[in-house]
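S.K.: sequence first, predicted model second:
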Amino acid sequence: MSDLISVAEHRTRVLNAARPLESEELAVADSVGSTLAADAISRLDIPAFDNSAMDGFAVRHADVAEASRDAPAVLRVVADVAAGSAADPALSPGEAARIMTGARVPTSADTVVPFEQTIGGLGDSLTEAAVSVPPRARGAHIRRVAEDIAAGRVALSAGAVVGALQLSALIAAGVREVSAVRRPRVAVVSTGSELVPPGTDPAPGQIPDSNSALLAELVADSGARVTLRTSVGDDPAALRALLNEVDADVVITSGGVSAGAYEPVKQALAGRIRFDRIAMQPGKPQGFGVLDSGALFFGLPGNPVSVAASYEMFVRPALLRVQGRADIDRPRFALPATTGWRTPAGRLQVLPIVVDGSGVRPATAGGSGSHLVGGLGRAEGYAVVPADVAEVASGDLVDVMLVS
Ligand SMILES: Nc1nc2c(c(=O)[nH]1)N[C@H]1C(S)=C(S)[C@@H](COP(=O)(O)OP(=O)(O)OC[C@H]3O[C@@H](n4cnc5c(N)ncnc54)[C@H](O)[C@@H]3O)O[C@H]1N2
Ligand code: MOO
């Protein structure tokens, strides 16, 4: 239909309004989940000093270069260097130091021979080392100072999110504080008079409010903080009052944006934000704008699969952008469909999928219905099928983004 606007156009509008928040200094231990606002600079070399990669002997390469099982190079062991030791024993020709993994390599040694390449191994290692296998090269089994990151270099770049891997790198680099973008505060509001709180038995005509939980968890997964999670009935005045009070950087509602008689979001915000029909399935009706408070406002359609798909396509990229993330899109892979399915003409399809062997199939038994919230529980990601494709056949390659 001609009044549909493309996903790309809507996304551009959303991202243009999504500006990074201010930054704050955080202790590294408190930075997990935050995005760096500036490069974190290493205070230490990694490795911090030349050290041994193996338990064995620190040797002079010239002493062992010709060693063989028939003619072992027999060295006198003059020192024992454990990890943590500051010792730097001097080795003369014909001498070795016993050394453990992670220990400093003596300045006068240039190679490490593991116990396995000696005749006596650990057994008589404090008296002599009979090397029976020559090292592959001078420098073998030595981990060089700063070969990974040098002090003064970037340990983690602006725009990176601090997870477990990044935290370990920052700690190893001796970083104590980072400049991080403040995490967005997000309000999640379900609308609909049919909703009852999770765990409550619905009366006839009622259903559990699954969207606010869905959105709250998605928001948390995106590194933002849910500061309000609530539900209002089909009551535009109540919603307007709530929106006037809410203190958040981003407000996300579900429901009440389509063409019915009771559309609280549309009625509460008519003239203040845009309501568009997007060429996407699910997720056609979308409200978006900036509230008087400056908060970004997303009025997502109420159908649960529409909420999940709209979040992936519009809200998540925006939340990552306001956090200053370098990467705001999930990686996409082309995988074959293991079964065929129909796609809506003229709308980009965002279909929950299950990874099935080396291909994908719809997660929702009935296909692409936006109400099939039960099937969402099986979904591992989405197939994103262009608007001009009318049908996916078994074996076709489809673009997939994984979310779990
Ligand atoms: N005449 C038309 N009707 C509809 C159109 C249209 O273009 N013309 N669009 C359809 C499409 S597409 C969608 S998507 C929905 C969007 O409707 P709303 O955003 O107004 O959402 P509601 O009507 O409030 O709810 C839709 C559906 O989702 C269920 N729901 C709502 N909130 C929750 C919640 N928190 N947890 C679980 N389920 C929820 C609700 O009960 C409805 O079944 O409009 C179509 N109609
Ligand atoms: O756009 Mo609705 O989300 O197709 O069902």
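M.R.: All right, it came through fine. Ligands and ions are numbered 1, 2, ... in the order given.
S.K.: now do stretch 205-223: everything it contacts.
M.R.: For stretch 205-223, contacts defined as C-beta atoms under 8 Å, 6 or more residues apart in numbering pick out 33-35, 161, 183, 186, 188-190, 192, 194-200, 202, 225-226, 229-231, 252, 254-255, 300, 302, 304, 307-308, 311, 315-316, 319-320, 323, 325, 373, 376. Any C-beta I mention is one placed from the backbone N, CA and C, and that applies to glycine too.
S.K.: likewise stretch 127-146?
M.R.: So stretch 127-146 is contacted by 45-54, 56-57, 59, 61, 63-69, 72-77, 96, 98, 105, 110-114, 117-120 (C-beta under 8 Å, 6+ apart).
S.K.: now the contacts of stretch 205-223: which count as buried?
M.R.: Neighbour-count burial (16 or more other C-beta atoms under 10 Å) applied to the contacts of stretch 205-223 gives 33-35, 161, 183, 186, 188-190, 192, 195, 226, 229, 231, 252, 254-255, 300, 302, 304, 307-308, 311, 315-316, 319-320, 323, 325, 373, 376.
S.K.: could you find the closest non-adjacent residue to residue 357?
M.R.: residue 338 (6.7 Å; C-beta to C-beta, 6 or more residues apart in numbering).
S.K.: can you count the residues close to that neighbour?
M.R.: 16 (other C-beta atoms under 10 Å).
S.K.: do you know how far it is from residue 398?
M.R.: 10 Å (C-beta to C-beta, to the nearest Å).
S.K.: joint contacts of those two?
M.R.: Joint contacts of residue 338 and residue 398 (C-beta under 8 Å, 6+ apart) are residue 360.
S.K.: filter the contacts of stretch 205-223 down to the ones in strands?
M.R.: Per DSSP state E, strands hold the following members of the contacts of stretch 205-223: 186, 188-190, 195-196, 225-226, 229-231, 252, 254, 300.
S.K.: show me what the worst-scoring helix or strand of the chain on mean pLDDT is packed against.
M.R.: Ranking every helix and strand in the chain by mean pLDDT, DSSP states H and E puts helix 373-376 at the bottom, with a mean of 82. Here helix 373-376 touches helix 304-310, going by 3 or more C-beta pairs under 8 Å, 6 or more residues apart in numbering; DSSP states H and E.
S.K.: which helices and strands sit right next to the helix it packs on?
M.R.: Helix 304-310 packs on helix 211-221, strand 296-300, strand 348-356, helix 373-376, going by 3+ C-beta pairs under 8 Å, 6+ apart.
S.K.: list of residues touching it?
M.R.: With C-beta under 8 Å, 6+ apart as the criterion, helix 304-310 contacts 210-211, 214-215, 218, 254, 280, 282-284, 286, 298, 300-301, 350, 352, 364, 368-373, 375-376, 379, 382.
S.K.: using PDB, write down the CA coordinates of it.
M.R.: C-alpha atoms of helix 304-310 as PDB (Å, rounded to 0.1, in the frame of the first residue of the first chain):
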ATOM      1  CA  PRO A 304       3.600  -9.800  21.200                       C
ATOM      2  CA  VAL A 305       5.500 -11.000  18.200                       C
ATOM      3  CA  SER A 306       5.200  -7.400  16.800                       C
ATOM      4  CA  VAL A 307       6.700  -6.100  20.000                       C
ATOM      5  CA  ALA A 308       9.700  -8.500  19.800                       C
ATOM      6  CA  ALA A 309      10.300  -7.800  16.100                       C
ATOM      7  CA  SER A 310       9.800  -4.000  16.500                       C
END
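S.K.: tell me the average confidence for that helix?
M.R.: Averaged across helix 304-310, pLDDT comes to 96.
S.K.: could you do stretch 198-217 as well?
M.R.: Averaged across stretch 198-217, the pLDDT comes to 96.
S.K.: for it, list every residue counted as buried.
M.R.: Buried, per 16+ other C-beta under 10 Å, within stretch 198-217: 208, 209, 210, 211, 212, 214, 215, 216.
S.K.: now render these as JSON lines, adding distance to ligand 2.
M.R.: Shown next, in JSON lines, are the buried residues of stretch 198-217 (distance: C-beta to the nearest ligand atom, whole Å):
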{"residue": "208", "distance to ligand 2": "19"}
{"residue": "209", "distance to ligand 2": "17"}
{"residue": "210", "distance to ligand 2": "15"}
{"residue": "211", "distance to ligand 2": "12"}
{"residue": "212", "distance to ligand 2": "17"}
{"residue": "214", "distance to ligand 2": "14"}
{"residue": "215", "distance to ligand 2": "15"}
{"residue": "216", "distance to ligand 2": "20"}
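S.K.: near ligand 1, list only the ones from the residues you listed.
M.R.: Contacts with ligand 1 within the buried residues of stretch 198-217, as defined by C-beta under 6 Å from any ligand atom: 209, 210, 211, 212.
S.K.: out of the residues you listed, who's nearest residue 5?
M.R.: residue 211 (23.6 Å; C-beta to C-beta).
S.K.: from residue 346, how far off is the closest residue to that closest one other than its chain neighbours?
M.R.: Leaving aside its chain neighbours, residue 211 sits nearest to residue 254 (4.1 Å; criterion: C-beta to C-beta, 6+ apart). From residue 254 across to residue 346, the span is 25 Å (C-beta to C-beta).
S.K.: residues contacting residue 109?
M.R.: So residue 109 contacts 58, 59, 60, 91, 96, 97, 99 (C-beta under 8 Å, 6+ apart).
S.K.: for the third one, what are its contacts?
M.R.: This means residue 60. Contacts of residue 60 (C-beta under 8 Å, 6+ apart): 91, 93, 95, 108, 109, 110, 111.
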